[in-house]
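Undergrad: All I have is the shape, not the residue letters:
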């Protein structure tokens, strides 16, 4: 079954808006695992506008599932992950001033930059995933650069799905996912996946290893509660449950 990793950045954003420690980000990490999530994702940025580097060290101590740290591989970020040694590092091409992730890596163009980073992270026993656009031609370079997995950047899919073009939206993702599978790469997905579009995405790419969801899931939790929301997302990925 595809794993659900919950990105808790938005919980940190709410805490930082007021100062103090409410909501408690470390407790949130404990709770999402207790409520059934298969992992915790964080994306620390240099300005620490949501997850702080201090949070990452504290969360590492309570992880019982998988810990995924996303980010742009500046020296500060690489030092952090080498000290924390998470299960997975997802390399994302968002420079320090970016509001949010908005594209995947052009691995061919940035090959010489990425290859030694991927090699170094793997030498530390960290699984490496690279954030990519839905483009089958990228997979050749993903294999050459040595990454364990790729993560499909799904915002274009989510946007077209909302416009009622779901068949057109899913096509490049299925094509890319098939090439990745044939190449022996693991496959993740994330960005703007939600309770409306997740099931269709998973139905068409059922061999996904993991989805990482934050903004929509935390927003839904305001209405449904965190535990119930995690269960709702898990059900979108559970083909056995859907057959009942």
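TA: Right, received. Where do you want to start? Here the structure is a predicted model, which is why all the values come from computation and not from measurement.
Undergrad: I'd say residue 201 and residue 157 touch.
TA: Yes. Using C-beta atoms under 8 Å, residue 201 makes contact with residue 157 at a distance of 6.5 Å. Glycine gets a C-beta too; all of them are placed from N, C-alpha and C.
Undergrad: between the two, what contacts are shared?
TA: Shared contacts of residue 201 and residue 157, defined by C-beta atoms under 8 Å, 6 or more residues apart in numbering, are found at 170, 173.
Undergrad: Pick out the residue nearest the middle of the protein.
TA: Central residue of the chain (C-alpha atoms, centre = their mean): residue 212, 3.6 Å from the mean position.
Undergrad: list the contacts for that one?
TA: Contacts of residue 212 by C-beta under 8 Å, 6+ apart are 5-7, 39, 41, 68, 70, 90, 151, 188-190.
Undergrad: give me phi/psi at the closest residue to it other than its chain neighbours?
TA: Distances taken as C-beta to C-beta, 6 or more residues apart in numbering put residue 190 closest to residue 212, at 3.9 Å, once the chain neighbours are dropped. Dihedral pair for residue 190: phi -180, psi 160, per degrees, to the nearest 10.
Undergrad: And for the one 3 residues further on?
TA: For residue 193, the backbone dihedrals are phi -70, psi 140 (criterion: degrees, to the nearest 10).
Undergrad: what's the neighbour count on residue 147?
TA: 26 (other C-beta atoms under 10 Å).
Undergrad: Please apply the same query to residue 225.
TA: 13.
Undergrad: any idea how far it is from residue 123?
TA: Residue 225 sits 42 Å away from residue 123, going by C-beta to C-beta, to the nearest Å.
Undergrad: just to revisit the earlier point, what's around the residue nearest to residue 212, how many residues?
TA: Residue 190 sits with 25 neighbouring residues when counted by other C-beta under 10 Å.
Undergrad: Please apply the same query to the one 4 residues further on.
TA: Using other C-beta under 10 Å, the number of residues around residue 194 comes to 17.
Undergrad: I'd like the distance from residue 76 to residue 44, if you could.
TA: From residue 76 to residue 44 the distance is 9 Å (C-beta to C-beta).
Undergrad: can you check residue 224 too?
TA: 27 Å.
Undergrad: same thing with residue 10?
TA: 14 Å.
Undergrad: ditto for residue 71
TA: To residue 44, residue 71 is 6 Å away according to C-beta to C-beta.
Undergrad: shared neighbours, these two?
TA: By C-beta under 8 Å, 6+ apart, the residues touching both residue 71 and residue 44 are residue 77.
Undergrad: How about residues contacting the longest helix seen in the chain?
TA: Looking across the chain with DSSP state H, the single longest helix is helix 166-182. Identification of contacts with helix 166-182 by C-beta under 8 Å, 6+ apart yields 132, 134-136, 138-139, 142, 150, 152, 154, 156-157, 159-161, 187, 189, 197, 200-201, 204-205, 207-208.
Undergrad: Among the residues you listed, which ones are in strands?
TA: 132, 150, 152, 187, 189 (DSSP state E).
Undergrad: What are the boundaries of the strands in this protein?
TA: 3-7, 39-42, 66-71, 88-91, 127-132, 149-153, 186-190, 210-213.
Undergrad: tell me how far stretch 17-29 is from the chain's mean position?
TA: 21 Å (C-alpha atoms, centre = their mean, to the nearest Å).
Undergrad: so how far is the first residue of that stretch from its last?
TA: Across stretch 17-29, the terminal residues are separated by 19 Å (C-alpha to C-alpha, to the nearest Å).
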